[in-house]
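Engineer: turn this into a structure:
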Amino acid sequence: MNAFKPYASPDYIGAHDLDGKEATLKIESAALEFLKAGPADKGKQRICLKLTGAKKRLVLNKTNVKEIIRAYGNDTDGWIGKPLTLQPTTCTAFGASNVPCVRVKIPSA
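Structural biologist: A predicted model of the protein is given here:
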């Protein structure tokens, strides 16, 4: 069993949801959501994507937003119907390295 699964969000895609495999999906919608990590957290606005075939939404961090903007432009309306490959990997976050995370790649045509 993946040790992160018991801590998984029921609403948002995490690296553990990909079971070590890449997944290519299309962007269905992009919306700004206000997210809080817990009761004491002030919260932050993030772009969240609904992807075709996915039960959960993908919260975009700055790195992933920059990758999508580079390929599809700055207007989120222009992202609709475009493909994204979700890649499970690790990154430095929350003051630790090797934290499981999801990176987006733009599939080659």
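Engineer: got the contact list for residue 41?
Structural biologist: Taking Cβ atoms under 8 Å, 6 or more residues apart in numbering, we find residue 41 in contact with no residue. For glycine as for every other residue, the C-beta is placed from the backbone atoms N, C-alpha and C.
Engineer: and residue 53, how far is that from residue 39?
Structural biologist: 33 Å (Cβ to Cβ, to the nearest Å).
Engineer: and these two? which has more neighbours close in?
Structural biologist: residue 53 (9 against 5; other Cβ atoms under 10 Å).
Engineer: show me where the chain has strands.
Structural biologist: Counting by DSSP state E, the chain has strands at residues 23-35, 44-51, 58-59, 83-93, 96-105.
Engineer: now the farthest one out in this structure, which residue is it?
Structural biologist: Centroid-distance maximum for the chain: residue 40 at 23.4 Å, with Cα atoms, centre = their mean.
Engineer: before we move on, back to that, distance to residue 73 added to the strands of the chain, as a markdown table?
Structural biologist: Formatted as a markdown table, the strands of the chain follow (distance: least, Cβ to Cβ, whole Å):
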| stretch | distance to residue 73 |
| --- | --- |
| strand 23-35 | 12 |
| strand 44-51 | 14 |
| strand 58-59 | 18 |
| strand 83-93 | 14 |
| strand 96-105 | 15 |
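Engineer: most packed of those strands?
Structural biologist: Compared across these, strand 58-59 shows the largest average neighbour count, a mean of 22 (mean count of other Cβ atoms under 10 Å).
Engineer: and the contacts of that one?
Structural biologist: Counting by Cβ under 8 Å, 6+ apart, 12-13, 33, 35, 46-49, 51, 64, 86, 102, 104 sit against strand 58-59.
Engineer: swap in 7 Å and give it another go.
Structural biologist: Residues outside strand 58-59 that contact it (Cβ atoms under 7 Å, 6 or more residues apart in numbering) are 12-13, 35, 46, 48-49, 51, 102.
Engineer: please consider this matter closed, and thank you.
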